[in-house]
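> Requesting a structural model of the entry that follows:
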Amino acid sequence: MKDHFTRIAKEVPSMLLIMILPLLLGSTAAFPDGAPADTCVKQRQNQPNHGKARTQPAHTNPFEVVADAQSYHPGQQVSVVIYPHTQQSTVFRGFFLQARDAHSNEWIGEWVQSENTKTIPECSAITHSDNRDKLGAKLIWKAPQNKRGNVYFTGTVLQEYGTFWSDIVNKVQAEPQ
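Alright, predicted model coming up:
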């Protein structure tokens, strides 16, 4: 096998290798189909591993993550939306959200997979499944069947490869009076 590869490498013009190599390397550097499962446990948890890019300052975040409830009962579904909080139609390309128990901080519950999303059940997370521009996202989280308590949602919204906001914690929609 090694001899076969060596023979082919000698036959392929070096210019062709120079043109193809960046394409091969580039295709593994980004995650256009969402965050990988190990995002939950990396050194910078819940953040993209996009080279030297780091999270933007929280006060510059143009996006809101809003849940329709913070307490839950067994099997309850909670709606979580991501949208721009400014009057501008600011788009985003990706997101990674994780559900956590407000008391223990443990991963909890599961997400309902919908169009253009990918769930990561190993750590109660959901991410985008394409890198197209998004004006918003509506996600559904499902509480565990055997527990009640309080939940919060935390993660990252990515505007583009090097521009993202991490450690976002959801707000709770005001109850109608």
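> What segments of the protein are strands?
With strands called from DSSP state E, the chain shows them at 63-67, 71-72, 77-84, 94-101, 110-112, 117-120, 125-128, 137-142, 149-160, 163-169, 171-172.
> between those strands, which gets nearest to Gln56?
Across those, Gln56 has its closest neighbour in strand 163-169 (5.2 Å, C-beta to C-beta). (Each C-beta comes from the backbone N, C-alpha and C, glycine too.)
> sorry, back to before: which one of the strands of the chain lies closest to Pro57?
strand 163-169 (8.4 Å).
> Give me the sheet partners of the closest one and which way each runs.
strand 149-160 (antiparallel) (DSSP bridges).
> List the buried residues for the strand it pairs with?
Of the residues in strand 149-160, those buried under the neighbour-count criterion (16 or more other C-beta atoms under 10 Å) are Val151, Tyr152, Phe153, Thr154, Gly155, Thr156, Val157, Leu158, Gln159.
> Greatest separation within those residues: which pair is it?
Checking those with C-beta to C-beta, the most distant pair is Val151 and Gln159, at 25.9 Å.
> Could you list the low-pLDDT ranges of the chain?
Scanning the chain for pLDDT under 70 picks out the ranges 1-51, 87-89, 174-177.
> Go again with 50.
Counting by pLDDT under 50, the ranges of the chain that qualify are 1-2, 4-9, 11-30, 177.
> Count residues in the vicinity of Lys147, would you?
Per other C-beta atoms under 10 Å, the neighbour tally for Lys147 reads 14.
> no wait, Phe96
Around Phe96 there are 28 other residues, counting by other C-beta under 10 Å.
> Show me what it is bridged to.
Assessed by DSSP bridges, Phe96 has beta-bridge partners Thr127, Thr156.
> separation between it and His73?
Distance, Phe96 to His73, using C-beta to C-beta, to the nearest Å: 26 Å.
> Also Asn105?
Taking C-beta to C-beta, one finds Asn105 at 20 Å from His73.
> between the buried residues of strand 149-160, which is closest to Gly136?
Val157 (10.7 Å).
> who touches that closest one in this structure?
Each residue near Val157 by C-beta atoms under 8 Å, 6 or more residues apart in numbering is listed here: Asn61, Phe63, Val65, Ile82, Phe92, Gly94, Phe95, Phe164, Trp165, Ile168.
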